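J.: Sequence below, structure please.
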Amino acid sequence: MMNISKIHNCYGCGICAIACGQKIIDISLNDDGFYEPYIIDECRCTNCGICTEVCAYLHEDLSLKESEIRSYAAWSKDHLVRRKCSSGGIGFEVGKHLLQEGFKVCGVRYDAERGKAVHFIAKNIDEWVLSIGSKYIQSFTLDGFKSINRKEKYLITGTPCQIDSFRRYIQRFKCEDSFVLLDFFCHGVPTMHLWKKYIEWAERKVGKITYASWRNKWTGWHDSWAMGIDGEEHGNKIGYQSLMIH
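T.: Here you go, the predicted structure:
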């Protein structure tokens, strides 16, 4: 098999789509509500095999060349960052530091208009603030990943399966030195059908959703299972500029 045409129920990371030289691979939700690749025009496939080469789903081994045995625990020193972030704010702080070092950052924000989490490129801290907070749904990666210029420096954040495929991608195109990769512990994601059902229920109460926050700390740090929802009829659209960056 030289392409991903027979791949189903994979990680939906989208790396095959950005690696394809013919640009004939796209990502969409399958019947079960998870992102899955498909080939737009198989007649144009050159059987180069790059899409399968960068696919973490098709490899049992990890793309890491060696294991790192040291580990550290850390959190942001800024209490405002810790309050806004789902955990300790380290993802935000790493991105903030690398932006100051001339990197661009690829993270995930919740797109309330489209009702899904999407990868995007942040070029400054004001844009990076949009990534704050965990999103407990599968992210649509193509918006962000297709905007990446392999000749520039980036921090790429994502789930372990997304990052493993992305590492294979930059190894394949010999540009690892331009990238810092950051993943996190992941227990899987629910079907997007479930999230859409939740949105339908919530919008009957608050109107069109303008903001969603998982593990919101409005009830306190140690009771962070709260879901924060604002709608056009109830609640004010969130102002991310309210997070002061020190």
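J.: quick one, what contacts V180?
T.: V180 is in contact with V94, L98, F103, Y154, L155, I156, counting by C-beta atoms under 8 Å, 6 or more residues apart in numbering. In this view, the C-beta of every residue, glycine as well, is placed from N, C-alpha and C.
J.: That one and S76: what is the separation?
T.: 18 Å (C-beta to C-beta, to the nearest Å).
J.: how much space between D126 and T191?
T.: Here the criterion is C-beta to C-beta. By it, D126 lies 33 Å from T191.
J.: These two: which is more packed in?
T.: Per other C-beta atoms under 10 Å, whichever of D126 and T191 has more neighbours is T191, with 16 against 12.
J.: Relative to I132, which of the contacts of V180 is nearest.
T.: V94 (12.7 Å; C-beta to C-beta).
J.: For that closest one, identify the helix or strand it belongs to.
T.: For V94, the element it lies in under DSSP states H and E is helix 90-100.
J.: So what's the gap between that helix and the chain middle?
T.: Helix 90-100 has its C-alpha centroid displaced from the chain centroid by 16 Å (C-alpha atoms, centre = their mean, to the nearest Å).
J.: now stretch 57-65
T.: The answer for stretch 57-65 is 20 Å, by C-alpha atoms, centre = their mean.
J.: and it, C-alpha only, in PDB?
T.: The C-alpha trace of stretch 57-65 is given here as PDB (Å, rounded to 0.1, in the frame of the first residue of the first chain):
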ATOM      1  CA  TYR A  57      -0.700   5.100  13.000                       C
ATOM      2  CA  LEU A  58       1.100   2.800  10.600                       C
ATOM      3  CA  HIS A  59       4.200   2.500  12.800                       C
ATOM      4  CA  GLU A  60       4.400   0.500  16.000                       C
ATOM      5  CA  ASP A  61       7.600   2.200  17.100                       C
ATOM      6  CA  LEU A  62       7.900   5.800  18.200                       C
ATOM      7  CA  SER A  63       9.700   8.400  16.000                       C
ATOM      8  CA  LEU A  64      12.000   9.400  18.900                       C
ATOM      9  CA  LYS A  65      15.500   8.400  18.200                       C
END
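J.: For that stretch, give me every contacting residue.
T.: Contacts for stretch 57-65 (C-beta under 8 Å, 6+ apart): I7, C10, Y11, C13, T52, A56, C161, D164, S165, R167, R168, Q171.
J.: tell me which of those residues is nearest to W195?
T.: Y11 (17.6 Å).
J.: now the closest one, nearest residue through space, not along the chain?
T.: Computed as C-beta to C-beta, 6 or more residues apart in numbering, the closest residue to Y11 that is not its neighbour in sequence is C161, at 3.9 Å.
J.: so the one you found is in which element?
T.: According to DSSP H and E, C161 maps onto helix 160-172.
J.: which helices and strands sit right next to that helix?
T.: Other helices and strands packing on helix 160-172, by 3 or more C-beta pairs under 8 Å, 6 or more residues apart in numbering; DSSP states H and E, are helix 15-19, helix 50-53, strand 179-182.
J.: For the ones you listed, state which one has the densest average packing.
T.: Across the helices and strands packed on helix 160-172, averaging neighbours per residue (mean count of other C-beta atoms under 10 Å) puts helix 15-19 on top, at a mean of 25.
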